[in-house]
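Q: What would the 3D arrangement of this be:
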Amino acid sequence: MLPTLQILVFLLVVLAAVAVVAARLKIPPAILLVLTGIVLALIPGLPTVELAPEFVLLLVLPPIIYSSAVSMSWKEFRFNLRPISLGAVGAVVFTTVAVAATAHFLLGLSWPVGFVLGAIVSPPDAVAPLAIARRLQIPRRLIVVLEGEGLANDATALVLYRFAIVAVSVGSFSLSEAASTFAAIVAGEILWGIGVGWLMLRLRRWVHDPSIEITLSILTPFLAYWPPAHLGGSGVLATVTTGLYMSWNGLRLISAATRLQGVFFWEFLIYLIEGMVFLITGLQARALIAGIRGYSLSELAIAAAVVSIVVIVARFIWMYPAIYLPRWLFAAIRRKDPSPPWQWAFLLSFAGVRGIVSLAAALAIPFTTDAGAPFPARDLILFVTFAVILVTLVGQGLLLPAVVHWLGLARAGRRERNADRAEEFKARRRAIETAIKRLDQLAKERELPEDVVRPLRTRQHERLKHIEQRSDGDDGHRKLMEGADEIEYLLIAAERDLINDLYQLGELKDEARRRIEHELDLRDAHLTSLRAEDRSEDLPEE
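A: Down below sits the predicted model:
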């Protein structure tokens, strides 16, 4: 037990150190974590860390998918359902077939084994490219499509993967049966996901306790994922459906206290899970090297290079027709959603980075078939999968910022962000004006004394003035607001010092100190958010 705890602490130390270095070098942490893991795996004497595929598919994948789905806007997901579906289903199937054909004709693998490899390397991972895309402020719709595709494509790939594994193990395959099974899985998982979302929201509304609600939120992705996965589905689509249901219906049913605590908890949890997964992905290098001794170096290099090229090129071949062909064929689509510039299609094609799901699926390949024979080319599939992850994650991941700048999409994203900010300020003004009208109405209905109404009205008018001066485009007003924010920081610090002194002198109980600190933290967090937004608007044009 002790060595396991020591290894866990060591991995946490490495994770923290790499995160600091990545922030300084402005490199996506996922890329640096994988490379660090590979280096550590090749150091003699260090203990071997093996990644159990069941651990990834049953424990790691559900919370990651669920968290992304909850943060996804159902409205944006529904509007972009066509491009998301064409990527999550069409691109995955096309890539699977392309890789299977390549593996059969160039690498000499059988068709079923080729389909196993194709299903494993077909789904792109959204974590690393999205981290880069958000930092570069590319257009919002591109982020929505990439994130939506990353949520749903694992479902398609895992179902195809299970069909292919059965075909290799049993030695037979029925296309009609597979198609009907796939349709049943999609319908069943959507219904199950809606049911889980409805049930968990009602339970959380019933308990009215943030701690219990957050505990229920932890259980939600596993309740959505495990039953469909156990019954032969993927579990991914059910988890995505549950997350989207919670995103759409949770605003009115989840309390503010739970949301505040839940956001911080889930951000930390997902950060920790993703960081550990990418690090452990790199640590698999030692086990992979030990399993490929039956192949020559040239065979491995050719297989890795060929499959990596096919995976990258197949996405380009699919994306351009998938984006433009529906608009050329159907005038209704063209009128509702005009064709985007070619730069969008190029970026969506280039951002096909593979990740942990591919590695977990490769590790989950059984060692033997149903007849007891060794599973064909299992070690070769593992090596090729790891190579594809390395090539796409490190190669394309490091080139992605340069590609975004070359395409001019960072500037487009910044202009779009400014328009969104103007829309946001308009909504904030309308909300405050509505609150002022409601206050006047309540004062009249309840005959409230002016001493009660005046400070409330003054506070709302000050909020309105703050919003107007921050959004009117006047640099003088903006600097004035920034100066006011800086003074507010100093006032909060002065309050903190006094509260701490009173606590040290015994004039303030610990529970009261924590309540006051919580209020100060909320004010501090609000100012920090405003400062971050202003800083992002001041970024120079590329």
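Q: buried set for stretch 178-187?
A: Ala178, Thr181, Phe182, Ile185, Val186 (16 or more other CB atoms under 10 Å). Glycine gets a C-beta too; all of them are placed from N, C-alpha and C.
Q: do stretch 367-377 as well
A: Applying 16+ other CB under 10 Å to stretch 367-377 flags Phe375, Ala377 as buried.
Q: Can you give me the end-to-end span of that stretch?
A: Chord length of stretch 367-377, first to last residue, is 10 Å (CA to CA, to the nearest Å).
Q: Also stretch 344-360?
A: Stretch 344-360 end-to-end distance (CA to CA) = 30 Å.
Q: Give me the distance between that stretch and the centre of its chain.
A: Distance, stretch centre to chain centre, for stretch 344-360: 13 Å (CA atoms, centre = their mean, to the nearest Å).
Q: And stretch 178-188, by the same measure?
A: The answer for stretch 178-188 is 26 Å, by CA atoms, centre = their mean.
Q: quick one: contacts of that stretch?
A: Ala155, Val159, Phe163, Pro228, Gly232, Gly233, Ser234, Leu237 (CB atoms under 8 Å, 6 or more residues apart in numbering).
Q: Surely the second one is in contact with Ser234?
A: Just to be clear, that refers to Val159. Yes - taking contacts as CB atoms under 8 Å, Val159 lies within contact range of Ser234: 5.2 Å.
Q: Between these two, tell me which one has more neighbours.
A: For the pair Val159 and Ser234, the greater number of neighbours falls to Ser234 (27 against 23), based on other CB atoms under 10 Å.
Q: what kind of secondary structure is that one in?
A: coil (DSSP: H, G, I helix; E, B strand; the rest coil).
Q: least confident pick among the buried residues of stretch 178-187?
A: Among the buried residues of stretch 178-187, Ala178 carries the weakest pLDDT, at 79.
Q: Which parts of the stretch 201-350 of the chain are helices?
A: For the stretch 201-350 of the chain, helices defined by DSSP state H, counting those that start in this stretch occupy the ranges 210-230, 236-253, 256-283, 285-290, 297-329, 331-336, 342-350.
Q: mind checking which of the ones you listed is nearest Leu151?
A: Nearest to Leu151 among the helices of the stretch 201-350 of the chain is helix 236-253 (4.8 Å), distances taken as CB to CB.
Q: Could you list every helix and strand in contact with the closest one?
A: helix 61-71, helix 74-79, helix 140-170, helix 175-207, helix 210-230 (3 or more CB pairs under 8 Å, 6 or more residues apart in numbering; DSSP states H and E).
Q: so which of these comes closest to Trp328?
A: Here helix 140-170 is closest among the helices and strands packed on helix 236-253 (CB to CB), at 19.0 Å.
Q: How far away from the center of its chain is the closest one?
A: 15 Å.
Q: let's have the chain start at 20 instead
A: Okay, residue one is now 20; in that scheme the one you just asked about reads as helix 159-189.
Q: what angle sits between that helix and helix 194-226?
A: Angle, helix 159-189 to helix 194-226, by axes from the mean of the first three to the mean of the last three CA atoms, to 10 degrees: 120 degrees.
Q: Give the buried residues for helix 159-189.
A: So for helix 159-189, counting by 16+ other CB under 10 Å, buried means 160-188.
Q: just stretch 426-439 next, same as before
A: For stretch 426-439, by 16+ other CB under 10 Å, it's Leu426, Leu428, Ala429, Ala431, Gly432, Arg433, Glu435, Arg436.
Q: could I get the residues you listed as CSV with distance to Met265 and secondary structure?
A: Listed next are the buried residues of stretch 426-439 as CSV, based on distance: CB to CB, whole Å; DSSP: H, G, I helix; E, B strand; the rest coil:
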residue, distance to Met265, secondary structure
Leu426, 34, helix
Leu428, 31, helix
Ala429, 32, helix
Ala431, 31, helix
Gly432, 27, helix
Arg433, 31, helix
Glu435, 27, helix
Arg436, 26, helix
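Q: And the furthest pair within the residues you listed?
A: Leu426 and Arg436, at 16.7 Å, using CB to CB across these.
Q: Show the contacting residues for Leu409.
A: So Leu409 contacts Val53, Ile57 (CB under 8 Å, 6+ apart).
Q: sorry, back to before: so for Ile151, which of the helices and strands packed on helix 255-272 sits nearest?
A: helix 159-189 (10.5 Å).
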